[in-house]
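Participant: give me the fold of what follows.
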Amino acid sequence: MSEKIKIVQVMWEDITSQPGWVDEEDADIQTCMCTSVGVLIAKTKQHITIAQTYADAGMWGNVKKIPTGVVRKIKVLK
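Facilitator: Next up is the predicted model:
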């Protein structure tokens, strides 16, 4: 693992669904804003990848790969 790790807070927009049948006025539901915090593993045009845990054996735990199209904000934490 690099000595210069970055811990980031990623705010991203997730889908929301409504179970069953609904009429038109009830179908206008809002999406869900989510926040994930972790060590930045990679950032590309397509995805940002973060993990909650790093083990000495070079293994990452609880890895999240978030499509950049749904990312609203990335903040580097100190």
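Participant: partner strands of the helix or strand containing Tyr54 and their direction?
Facilitator: Assigned by DSSP states H and E, Tyr54 belongs to strand 47-55. Sheet pairing of strand 47-55 (DSSP bridges) gives strand 32-43 (antiparallel), strand 59-67 (antiparallel).
Participant: show me what contacts the residue nearest to the spatial centre of the chain?
Facilitator: Nearest to the mean C-alpha position of the chain, by C-alpha atoms, centre = their mean, lies Ile66 at 4.6 Å. Listed by C-beta atoms under 8 Å, 6 or more residues apart in numbering, the contact partners of Ile66 are Val10, Trp12, Ser36, His47, Ile48, Thr49, Ile50. Yep, even glycine has a C-beta here, placed from its N, CA and C like the rest.
Participant: for Lys75, see how far away the third one is.
Facilitator: In this structure, Ser36 and Lys75 are 11 Å apart, going by C-beta to C-beta, to the nearest Å.
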